[in-house]
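1. coords below, sequence missing:
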Ligand SMILES: O=P(O)(O)OC[C@H]1O[C@H](OP(=O)(O)OP(=O)(O)O)[C@H](O)[C@@H]1O
Ligand SMILES: Nc1ncnc2[nH]cnc12
């Protein structure tokens with residue numbers, strides 16, 4: 001099922017807005033709200049991810065709170081796979097496991113339901129952006145604790161200068177990003 005227009009990185013980049021000094025001085029915020037407002041651009045993104053992970057024996061899509069949800073839900077739908085959400089603390093109602101990590105601008109923690117994955121789950125993790133990699137590495141820790149494995153971490157944007165994709169590589173987690181800044 002690849003009868004759709006092919007991936008156009010320049011077009012994608014034209015839809016991502018750069019906001020300097022937000023949320024604090026020195027951060028160049030890569031804003032995907034402008035991409036979200038372009039249905040054809042979003043379809044191109046969703047199709048690119050779906051084509052990459054179709055027929056890979058993936059068992060679950062793992063989506064990161066909150067912007068990752070916007071990508072994970074359509075991907076899980078396109079591939080007919082269960083969606084597992086990794087949430088900020090205090091949002092999941094049943095029994096959870098939790099991990100703390102550091103971000104580009106602060107500290108955070110991530111939780112997942114204990115029964116969201118089973119032993120030998122093969123998970124594609126998805127988020128909008130890789131910065132320090134803390135969020136994706138935290139999700140990987142939770143997945144490993146539940147006996148699963150991350151097959152690839154996917155994002156729209158990689159910020160290699162912040163070191164996250166290198167950290168993923170060192171940790172043996174393959175990653176895939178549609179563009180980088
Ligand atoms: O690679 P890292 O350094 O971990 O940074 C990337 C994460 O930071 C942003 O999320 P944020 O925590 O700002 O939350 P949001 O998605 O709720 O806006 C982004 O959406 C990624 O999840
Ligand atoms: N520079 C950045 N732009 C957008 N989202 C981010 N999350 C962490 N760093 C970010």
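-> Arrived safely, thanks for sending. For clarity, every value in this text was computed on a predicted model and none was experimentally measured. Ligands and ions are numbered 1, 2, ... in the order given.
2. which stretches of the chain form strands?
-> Secondary structure of the chain (DSSP state E): strands at 17-20, 28-31, 60-64, 83-86, 96-103, 106-113, 122-130, 149-158, 175-180.
3. Turn those strands into a markdown table, including mean pLDDT and mean neighbour count.
-> In this view, the C-beta of every residue, glycine as well, is placed from N, C-alpha and C. Shown next, in a markdown table, are these (pLDDT from 0 to 100; neighbours: other CB atoms under 10 Å):
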| stretch | mean pLDDT | mean neighbour count |
| --- | --- | --- |
| strand 17-20 | 98 | 11 |
| strand 28-31 | 97 | 15 |
| strand 60-64 | 99 | 26 |
| strand 83-86 | 98 | 22 |
| strand 96-103 | 92 | 15 |
| strand 106-113 | 93 | 16 |
| strand 122-130 | 98 | 25 |
| strand 149-158 | 98 | 22 |
| strand 175-180 | 98 | 17 |
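4. In this structure residue 140 contacts residue 149, no?
-> No. Residue 140 lies out of contact with residue 149 (CB atoms under 8 Å); the separation is 9.0 Å.
5. So which of the strands of the chain is nearest residue 42?
-> With CB to CB as the criterion, residue 42 lies closest to strand 149-158 of those, at 10.2 Å.
6. beta partners of the residue nearest to the spatial centre of the chain?
-> The centroid of the chain falls nearest to residue 127 when counting by CA atoms, centre = their mean (1.8 Å). Beta-bridge partners of residue 127, counted by DSSP bridges, are residue 155.
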